[in-house]
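K.L.:
predicted model, plus sequence, below.
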Amino acid sequence: MKRMNLRDVPDDVYAALSEAASVNRQSLSAYVVDLLAEAALVARIGDYLFEYRPAEGSDVTLEKAVAAVREVREAS
């Protein structure tokens with residue numbers, strides 16, 4: 001695993017992250033690593049969507065999946 005050092009973290013950001021880590025019963029480091037892992041997934045979502053291929057024999061397309069998500073969002 002790689003090591004990261006962060007500099008110039010604003011005091012209010014540090015305090016909020018420390019509090020959230022405590023509430024989640026995690027160390028600050030573990031909490032921030034979890035947040036960074038989520039950010040990394042989001043950063044790569046465009047590549048995933050571009051390369052998405054439905055399972056063979058499935059009629060699920062990206063367009064149908066997007067439409068289904070929109071339908072559920074609009075219904076709630």
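P.N.:
Nice, I can see it.
K.L.:
use CA for all of it now, contacts and neighbours both
P.N.:
OK.
K.L.:
buried sites along stretch 31-45?
P.N.:
Neighbour counts over stretch 31-45 (16 or more other C-alpha atoms under 10 Å) mark 31-32 as buried.
K.L.:
which pLDDT value belongs to residue 42?
P.N.:
Listed pLDDT for residue 42 reads 83.
K.L.:
now do the host helix or strand of it: which elements does it pack against?
P.N.:
Assessed by DSSP states H and E, residue 42 sits inside helix 28-51. Helix 28-51 sits against helix 11-23, with contacts defined as 3 or more C-alpha pairs under 8 Å, 6 or more residues apart in numbering; DSSP states H and E.
K.L.:
now the helix it packs on: average pLDDT?
P.N.:
97.
K.L.:
ok, stretch 50-67 next?
P.N.:
82.
K.L.:
that stretch: end-to-end distance?
P.N.:
Start-to-end span of stretch 50-67 (C-alpha to C-alpha, to the nearest Å) is 17 Å.
K.L.:
how about stretch 17-30?
P.N.:
Terminal residues of stretch 17-30 lie 11 Å apart, using C-alpha to C-alpha.
K.L.:
what does it contact?
P.N.:
For stretch 17-30, the surrounding residues in contact (C-alpha atoms under 8 Å, 6 or more residues apart in numbering) are 31-32.
K.L.:
likewise stretch 63-70?
P.N.:
With C-alpha under 8 Å, 6+ apart as the criterion, stretch 63-70 contacts nothing outside itself.
K.L.:
centre of the chain to it, how far?
P.N.:
Distance of stretch 63-70 from its chain centroid, counting by C-alpha atoms, centre = their mean, to the nearest Å, is 20 Å.
K.L.:
same thing with stretch 63-72?
P.N.:
For stretch 63-72, the distance to the chain centre is 20 Å (C-alpha atoms, centre = their mean).
K.L.:
likewise stretch 23-38?
P.N.:
With C-alpha atoms, centre = their mean, you get 13 Å for stretch 23-38.
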